[in-house]
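Colleague: Below are the sequence and a predicted model; questions follow.
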Protein chains: 2
Amino acid sequence: MKSAQIPNSSFPRIVIVGGGFAGLELVKSLKNAPYQVVLIDRHNHHTFQPLLYQVATSGLETSSIIYPFRKAFGKQNNFIFRLAEVQKIIPEKQLIETSVGEIYYDFLVLATGATTNYYGMKEIQEKSFALKTIEDAIRLRNQILKNLEEAVLVSDEQERNSLMDYVIVGGGPTGVEVAGALAELKKHVFPTDYRELNFVEMDIHLIEASPKVLGAMSEKSSEKALKYLQEMGVKVHLGVAVKNYDGKVVELSNGEKIISRTLLWAAGVAGNPIEGIAKAVLPNGRVKTNAYNQVEGYENIFAIGDLACVVTPETPKGHPMLAQPAIQQAKNLAKNFKKIAKKENSLIPFRYKDLGSMATVGRNKAVVDLSFAKFQGFFAWLVWIFVHLMALVGFRNRFFVFWEWLVSYFNYDKSNRLIIEPQRTQEHHINKENTQ
Amino acid sequence: MKSAQIPNSSFPRIVIVGGGFAGLELVKSLKNAPYQVVLIDRHNHHTFQPLLYQVATSGLETSSIIYPFRKAFGKQNNFIFRLAEVQKIIPEKQLIETSVGEIYYDFLVLATGATTNYYGMKEIQEKSFALKTIEDAIRLRNQILKNLEEAVLVSDEQERNSLMDYVIVGGGPTGVEVAGALAELKKHVFPTDYRELNFVEMDIHLIEASPKVLGAMSEKSSEKALKYLQEMGVKVHLGVAVKNYDGKVVELSNGEKIISRTLLWAAGVAGNPIEGIAKAVLPNGRVKTNAYNQVEGYENIFAIGDLACVVTPETPKGHPMLAQPAIQQAKNLAKNFKKIAKKENSLIPFRYKDLGSMATVGRNKAVVDLSFAKFQGFFAWLVWIFVHLMALVGFRNRFFVFWEWLVSYFNYDKSNRLIIEPQRTQEHHINKENTQ
């Protein structure tokens, strides 16, 4: 295999696979450390996943929630980036094989995050939409808008309904947030855009297999979120699972059927491991590590973030798959790398500090669980906004998102209702030329 | 053929094909006119073409220069939109055939603009990039960034050079502006992003068949633009044409060869007519109209904008293919439609008021030709900025573009160096699933 041409360095090389919350934080924390830091990602930008749902529902434009790695770290001297997919780890040679060639590592950090879990249901996987990458968000946005452009052409009521109805599977933060955002589009935006359609016909179904939405949050937040969703007209189905979806008909576990062209699958995540370390991969796809985030069986391979299942007596199932454990693990690992560089043997075990969790349903409607307080409503919504703005990468993105939210608060609009399909148009164009 | 389901109206129906400068202005000007106004476009948004080059060179993000039609006209009661491509006009039945069905018209206005003219050179058409749509701009941006991601992997000097070099064909405003923007990326942005590369190796060639750049502008502006380009390191080849391009080697008419993976073709435009009115189509693809923008041979079919060649004794070759004639023709036609509604027979012939033209090469470097003054440099650059900001649709877009320009003026940065390829990633994803 050819080489990925990483320049030589007098420092040991840390290769980090994945630039999500964990990978990004680790690169940043190793700024002045005596290592060569190689980041590998299949995108040239970090994606702020918590706001993908706003891109999908036309609230934000894409570039506000993504940030180029090379812009973020261009001035960090020990930083090297490769746009690549990692295919295989060869631990005995300290090599990884990537789509752009082999890379040698002294230390390898896996931070590939989570992928959508379809629990083996192939047809759902093929026919549904997911929301894990910026491309997913653009595809869902295009679909929502194309559905309505198609609906104005259809006189058959059932067919028109199938284009206007949405089924969202999974009552976690993503499902709740998308359902809420669609309800706002239905109420404030679409009726003016599509005066020919009657939006009473538009149904938003949220399907959750457990008895409550936001199951990981407090009882009070969960109940309040359900109340918000119902007030906004979302049809919440609790204790019901999806059995199958053929692209048109959703079959539920209670025998009910829903007809819809668009199903968003937000019902499960699984670890996203890489070939070559099979013995450390758990059944849920996460990678088992010790308290120092060392992958089981390897001294110089680490896993952090959603991928890592840090198994200790206190955390037999690891930590929640959220931004905070990822960021905290990255910071702790950076400290340990600095200790390793100084040949100190006393590595620091990772301890998760739960800063709480939150979700938003719509304007003035959010739920926040902190260790010292749980609250819902307008103040929770302000806290949600503040935390998300501060967490975005770069002043430009913070400023643009703040502006969109501020304007949208006053005019109830969502500005980015754009159908942009680079590839499709090009193919079309080429076909047209061929037939000339 | 099925119907495109346009609602019935008691008013006569004007069908406008194309929502560029001309179509957009006509819809707006017919706001309170006693007509049903049906706009057809293959995008769901207007594109501000003069700034496409800034999207392609990472200066602006996509949503700042495009604007959804339904957002623009959602509150205009006589407005109907169809996302469709027009395939054929059947004048004898007053029908157009579109990708979403047939539409009857009382009056038809063709405003499909211009398309890239390759002068029959098929290989160039296949292998080059164009810059007419937002998708074109995204593709060029992706390409520029992917070239550099690939260049860091290549040790062969000639191959690396072919990835870092650019050939821009056509010394009109688009060619000049892209060349200038690439020169700025080379100087201020890329060296920090790609520290492994030596940007002395990056050559930007601008090829123009005539003896000067910006040939439609004044002698002084043309000379100054050339001087700016040369100061910025652009290699300008005047009086030279491109004979062929196979995706790697550019063959010039003087026998010289340039090796480059990326060729932008901005050397010619042609009208973009629709099947069914062949007898009015000129050899350059434009549609011949009289002074009232009526297409030759038809009383109720009009053409405006780049597509229209308004042939009168004073304008035997029509007007320049620019935004201003398009907007002015649309305004005049709207006045005439209002006269027709009142059964007034005295239609107003179109008279072009030349407001001048301008182009920008880089920061503080622009050229402006007005009827009463011609000037270049910093003040011209400010005028260019002001005119372009004011011409953008919507306060949001003006504000975002202003902000990007303001920040970039102080930090010399271009923020949107993002590779986003929705379709490609999806295909990849599907392939990956299939092989599991």
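Modeller: Yep, it's here. Because the structure is a prediction, the values reported are computed rather than measured.

Colleague: Please make it C-alpha for all contacts and neighbour counts, starting now.
Modeller: Fine.

Colleague: pLDDT at whatever residue of the stretch 251-400 of chain A ends up closest to chain B, what is it?
Modeller: Nearest to chain B in the stretch 251-400 of chain A, going by C-alpha to the nearest C-alpha, is residue A:400, at a distance of 7.6 Å. The per-residue pLDDT reported for residue A:400 equals 94.

Colleague: excluding its backbone neighbours, what's nearest it?
Modeller: Closest residue in space to residue A:400, ignoring its immediate chain neighbours: residue A:64 at 6.4 Å, by C-alpha to C-alpha, 6 or more residues apart in numbering or on different chains.

Colleague: how much space is there between the residue of the stretch 251-400 of chain A closest to chain B and residue A:223?
Modeller: 33 Å (C-alpha to C-alpha, to the nearest Å).

Colleague: Those two: who's more crowded?
Modeller: residue A:400 (20 against 16; other C-alpha atoms under 10 Å in any protein chain shown).

Colleague: residues in contact with the strand or helix carrying the more buried one?
Modeller: Element membership of residue A:400 [criterion: DSSP states H and E] is helix A:395-411. With contact meaning C-alpha atoms under 8 Å, 6 or more residues apart in numbering or on different chains, helix A:395-411 is reached by A:59-60, A:63-65, A:363, A:389-390, A:392, A:413-414, B:400.

Colleague: what's the closest of these to residue B:252?
Modeller: residue A:63 (38.3 Å; C-alpha to C-alpha).

Colleague: Residue A:239 against residue A:208, yeah?
Modeller: Yes - assessed by C-alpha atoms under 8 Å, residue A:239 is found in contact with residue A:208 at 6.0 Å.

Colleague: out of the two, which sits in the more crowded spot?
Modeller: Neighbours were tallied for residue A:239 and for residue A:208 using other C-alpha under 10 Å; the higher tally belongs to residue A:208 (25 against 14).

Colleague: Now for residue A:247, how many residues are close by?
Modeller: For residue A:247, using other C-alpha under 10 Å, the count is 16.

Colleague: Same check on residue A:345?
Modeller: 9.

Colleague: Now do it against residue A:416, distance only.
Modeller: Residue A:345 sits 53 Å away from residue A:416, going by C-alpha to C-alpha.

Colleague: Please, where are all the helices along the stretch 251-400 of chain A?
Modeller: Using DSSP state H, counting those that start in this stretch, the helices of the stretch 251-400 of chain A run over A:323-341, A:378-391, A:395-411.

Colleague: so which of those helices comes closest to residue B:287?
Modeller: helix A:395-411 (41.9 Å).

Colleague: Using neighbour counts, pick out the buried residues of that closest one.
Modeller: Buried residues in helix A:395-411, counted by 16 or more other C-alpha atoms under 10 Å in any protein chain shown: A:396-402, A:404-405.

Colleague: does residue A:250 count as helix, strand or coil?
Modeller: strand (DSSP: H, G, I helix; E, B strand; the rest coil).

Colleague: mind checking how far it is from residue A:262?
Modeller: In terms of C-alpha to C-alpha, residue A:250 sits 10 Å off from residue A:262.

Colleague: So these two - more neighbours on which side?
Modeller: Higher neighbour count among residue A:250 and residue A:262: residue A:262, with 25 against 21, using other C-alpha under 10 Å.

Colleague: Domains in chain A, by residue range?
Modeller: Under the assignment automatic domain parsing, the domains of chain A span A:13-116+A:270-341, A:122-267.

Colleague: Show the average pLDDT along the first one.
Modeller: Taken as a whole, domain A:13-116+A:270-341 has an average pLDDT of 97.

Colleague: Likewise for stretch A:220-231?
Modeller: Stretch A:220-231 comes out at a mean pLDDT of 98.

Colleague: swap in stretch A:353-363?
Modeller: 95.

Colleague: For it, measure first residue to last.
Modeller: Span of stretch A:353-363 from end to end, C-alpha to C-alpha: 29 Å.

Colleague: Pull the residues that contact that stretch.
Modeller: A:173, A:176-177, A:179-181, A:184, A:217, A:225, A:228-229, A:324-325, A:366-371, A:381, A:384, A:409.

Colleague: Specify the angle between the helix holding residue A:400 and helix A:378-391 in degrees.
Modeller: Counting by axes from the mean of the first three to the mean of the last three C-alpha atoms, to 10 degrees, helix A:395-411 lies at 150 degrees to helix A:378-391.

Colleague: wait, is residue A:96 part of a strand?
Modeller: Yes - counting by three-state DSSP, residue A:96 is located in a strand.

Colleague: Give the bridge partners for it, please.
Modeller: Under DSSP bridges, the beta-bridge partners of residue A:96 are residue A:89, residue A:103.

Colleague: Near it, how many other residues are there?
Modeller: 22.

Colleague: Surely it is in contact with residue A:106?
Modeller: No - contact criterion C-alpha under 8 Å: residue A:96 and residue A:106 do not qualify, at 11.0 Å.

Colleague: Tell me the residues of the stretch 1-150 of chain A that contact chain B?
Modeller: Proximity of the stretch 1-150 of chain A to chain B, by C-alpha under 8 Å from any C-alpha of the partner chain, involves residues A:4-5, A:7, A:43-45, A:61, A:63, A:67-68, A:70-71, A:74-75, A:82-83, A:100, A:134-136, A:138-139, A:149.

Colleague: Buried among the residues you listed? Make that a PyMOL selection.
Modeller: Applying 16+ other C-alpha under 10 Å to the residues of the stretch 1-150 of chain A next to chain B, the buried members can be selected in PyMOL as follows:
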select buried, chain A and resi 4+5+43+44+45+61+63+67+68+70+71+74+82+83+100+134+135+136+138+139+149
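
Colleague: Drop anything exposed from the contacts of helix A:395-411.
Modeller: A:59-60, A:63-65, A:363, A:389, A:392, A:413-414, B:400.

Colleague: check contacts around the closest residue to residue A:77 other than its chain neighbours.
Modeller: Once flanking residues are discounted, residue A:77 sits nearest to residue A:31: 7.9 Å by C-alpha to C-alpha, 6+ apart. Residues counted as contacts of residue A:31 (C-alpha under 8 Å, 6+ apart) are A:76-78.
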